[in-house]
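A.B. asks: Sequence and predicted structure are below.
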Amino acid sequence: GHTLVSCNSAEIYMFGGYSVSRGYLGDLLKFNTTTKYWTPVLPTSEEQPAARQLHAAECVPALRAMYIYGGMVEGQGAVKEMWKFSLDTHRWSQLHITDPDPHWPIPAMAGHTMTRIDDFHLWFIGGYSSDSYFSDTMYDFDTSTNTYTELSFSGAHPTGLYGHTAVFHKPSYSIYVYGGFEYQTDKTVISHNLYSVSISSKMWSQLPPEVNNRPMERYFHAAVTTDEYMVIFGGRTAQDDFDNTVLAYRYTCNHWFYLSPGQENVIGDGIPSVIGAAAVLAANMSSDFQEIFVVGGFNGISHGTITHLRIPNDLCTLLTTKESCLANLGCAACVDEDHNVTYCYTNRDVPRFDCARGTSWSYDPGTLCDIDRIQTRDCNQHKTCAECLAQWSVHKDHDKVCQWCSNCPTGKCIPKNSDCTKTNDCKRDQRGIVKQDDCVERLCQASSCESCWKKGKCIWTRQFQRSSEVGRTLSLEPIYDWNCVVKSLLEAT
């Protein structure tokens, strides 16, 4: 439940968390990635935040300051506080913030994320509290003016989420959100969903995985990002209370790459099997690899360990056989047949000189991760409307090639130029959906009575339960879990 931030220097800062022996923590510690030493940071101000866990933190290098928001405070539950820590003066100050609307204030939050998208702006996603339950609203905090704005978006956004991760991917100008405990229609589940939200178009997308490449559900994991990939660490999964898996998601390929111990060319014992660890990408001048530090976590005992990972910028170079190389999208294999040696590397580069040097060398370019692969994908592989109509912000100009056939008990994803009646005949009139906002599951999408009421045409009830994509089961008694449905169901019943 602690946080770890880097401010584009050799120093990283850790704040808060929970210890089995000490309870809630309010310590601020600094770790030097060059000397590998921890030092306590002693505030010069009397005012400072209470000990807490499950808060969010982010550094704003332009202001030489670290910001934290919310979290769980002993005796108070989730709190609504924004604090600023000056890295130069070592002073804490609680900020007097302005709500975008006095009637709908920003809620107290825990388990949310706060992600910096430029020099001054922080975006809030998800969170949970005993007062507001799941937060389904996004907020922007401008650190230059100390003001909030409630953000409006379109597309397939999560209804409610906490314990997830969110990273800003600068090349696509998007935030990628993975995992967490997610509210879906009328239940909460451990999520394996990957979402992206484009900063420029204000569009959410639920990104479908490649066939047989869907990662396991997890929450309270950690994540960092580079320009090439996002790396996920540990967490709690549907199978294990404490996990030590390391995954890398390659943005251009929409492909998950496993980096856990026991895999090819992965050296060392890996991270401990824990939940609640924190990770940070260290400032690094190397053009060949990235350095990542993973700190703490819990698996029955509180861990104070720190794990240092060096990951190459080209993940393909970790693969040592032709079969494993070509099984990963975006990798090319250069094979020395005489010596049975395989060189694997990204197929965006030109073939190695060795591959054209003699008859004993062979070259296989593998699968290119370009816009054509997105535009020629098999629509039938997608099983939900949101995934069928996904848009990849990393491939900004790709055409929409799929449509979702709706109004059958089970919908179907088909090519955009196909006929729903012929392809998915269910003896009903169907309509082809091409916009994510028109997906049936997006109608009356809310995780609380308050947010359901705000939509105007919806009711919050325990008398309806979803039975199919377009069907609802009615009970005269309130026996189902709370969910938000269209008012027109009252007239139909």
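C.D. replies: On my side now, so go ahead.
A.B. asks: Can you tell me how far the closest residue to Gln239 other than its chain neighbours is from Ser467?
C.D. replies: Computed as CB to CB, 6 or more residues apart in numbering, the closest residue to Gln239 that is not its neighbour in sequence is Met216, at 6.8 Å. From N, CA and C alone the C-beta is placed, and that goes for glycine too. Distance of Met216 to Ser467, computed by CB to CB, to the nearest Å: 28 Å.
A.B. asks: Tell me which of the two has more neighbours.
C.D. replies: Remark: of Met216 and Ser467, Met216 carries more neighbours, 15 against 11, as counted by other CB atoms under 10 Å.
A.B. asks: and that one, what does it touch?
C.D. replies: If you count contacts by CB atoms under 8 Å, 6 or more residues apart in numbering, Met216 has them with 192, 237-239, 245.
A.B. asks: do Glu182 as well
C.D. replies: Glu182 touches 158-161, 164, 188-191, 193, counting by CB under 8 Å, 6+ apart.
A.B. asks: And for Tyr195?
C.D. replies: With CB under 8 Å, 6+ apart, Tyr195 has these contacts: 156-158, 176-178, 204-207.
A.B. asks: repeat for Phe298
C.D. replies: Phe298 sits in contact with 18, 242, 274-276, where contact means CB under 8 Å, 6+ apart.
A.B. asks: out of these, which is most surrounded?
C.D. replies: Result: Val274 is most packed of these (other CB under 10 Å), 27 neighbours.
A.B. asks: For the nearest residue to that residue once chain neighbours are set aside, what are phi and psi?
C.D. replies: Leaving aside its chain neighbours, Val274 sits nearest to Gly297 (2.7 Å; criterion: CB to CB, 6+ apart). When read as degrees, to the nearest 10, the backbone of Gly297 gives phi 120, psi 180.
A.B. asks: ok, now how distant is Gly297 from Cys405?
C.D. replies: 45 Å.
A.B. asks: What of His157?
C.D. replies: His157 is 23 Å from Cys405, by CB to CB.
A.B. asks: now Phe181
C.D. replies: Phe181 sits 31 Å away from Cys405, going by CB to CB.
A.B. asks: show me the residues around Gly366 that make contact.
C.D. replies: 325-326, 328-333, 347 are the contacts of Gly366 under CB under 8 Å, 6+ apart.
A.B. asks: Ok, Ala56 next?
C.D. replies: Going by CB under 8 Å, 6+ apart, Ala56 touches 3, 68-71, 109, 112-114, 124.
A.B. asks: rerun at 7 Å
C.D. replies: By CB atoms under 7 Å, 6 or more residues apart in numbering, the contact set of Ala56 is 3, 68-70, 112-114.
A.B. asks: Scan the contacts of Glu182 and report the most crowded one.
C.D. replies: Leu161 (30 neighbours).
A.B. asks: just checking, what packs against the helix or strand harbouring it?
C.D. replies: Here Leu161, judged by DSSP states H and E, is contained in strand 160-162. Applying 3 or more CB pairs under 7 Å, 6 or more residues apart in numbering; DSSP states H and E, we find strand 160-162 packed against strand 133-134, strand 181-184.
A.B. asks: Toward the C-terminus, what is the element adjacent to it?
C.D. replies: The C-terminal neighbour of strand 160-162 among helices and strands, as given by DSSP H and E, is strand 165-169.
A.B. asks: Quick check: mean pLDDT of that next one?
C.D. replies: Average pLDDT, strand 165-169: 97.
A.B. asks: Against which helices or strands is the helix or strand following that strand packed?
C.D. replies: Using DSSP H and E, the helix or strand that follows strand 165-169 in sequence is strand 174-178. Packing partners of strand 174-178 (3+ CB pairs under 7 Å, 6+ apart): strand 165-169, strand 194-198.
A.B. asks: switch to 10 Å and redo it
C.D. replies: strand 113-116, strand 121-125, strand 165-169, strand 194-198, strand 203-206, strand 222-225, strand 229-237, strand 243-250 (3 or more CB pairs under 10 Å, 6 or more residues apart in numbering; DSSP states H and E).
A.B. asks: Mind listing the strands the first one pairs with, and their directions?
C.D. replies: Within its sheet, strand 113-116 is paired with strand 121-125 (antiparallel), according to DSSP bridges.
A.B. asks: Can I get the partner strand as PDB, trimmed to CA atoms?
C.D. replies: The C-alpha coordinates for strand 121-125 follow below in PDB (Å, rounded to 0.1, in the frame of the first residue of the first chain):
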ATOM      1  CA  HIS A 121      -1.500  17.700 -15.200                       C
ATOM      2  CA  LEU A 122      -2.300  14.600 -13.200                       C
ATOM      3  CA  TRP A 123      -5.200  12.300 -14.100                       C
ATOM      4  CA  PHE A 124      -7.200  10.300 -11.600                       C
ATOM      5  CA  ILE A 125      -8.700   6.900 -12.500                       C
END
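A.B. asks: Quick one: list the elements packing against the helix or strand just after it.
C.D. replies: Per DSSP H and E, the first helix or strand lying C-terminal to strand 121-125 is strand 128-129. Applying 3+ CB pairs under 10 Å, 6+ apart, one finds that strand 128-129 makes contact with strand 77-78, strand 160-162.
A.B. asks: I'd like these laid out as JSON lines, including distance to Val440.
C.D. replies: Listed next are those as JSON lines, based on distance: least, CB to CB, whole Å:
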{"stretch": "strand 77-78", "distance to Val440": "32"}
{"stretch": "strand 160-162", "distance to Val440": "19"}
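A.B. asks: Can you lay out those as JSON lines showing mean pLDDT and distance to Asp429?
C.D. replies: Below are the helices and strands packed on strand 128-129 laid out as JSON lines (pLDDT from 0 to 100; distance: least, CB to CB, whole Å):
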{"stretch": "strand 77-78", "mean pLDDT": "91", "distance to Asp429": "47"}
{"stretch": "strand 160-162", "mean pLDDT": "93", "distance to Asp429": "33"}
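A.B. asks: closest one to Thr145 among those?
C.D. replies: Thr145 sits nearest to strand 77-78 of all the helices and strands packed on strand 128-129, at 25.0 Å, using CB to CB.
A.B. asks: ok, the closest residue to Leu443 other than its chain neighbours - contacts?
C.D. replies: Nearest non-adjacent residue to Leu443, counting by CB to CB, 6+ apart: Val486, 6.1 Å away. When contacts are counted by CB atoms under 10 Å, 6 or more residues apart in numbering, Val486 touches 443-444, 455, 457-459, 464, 472, 492.
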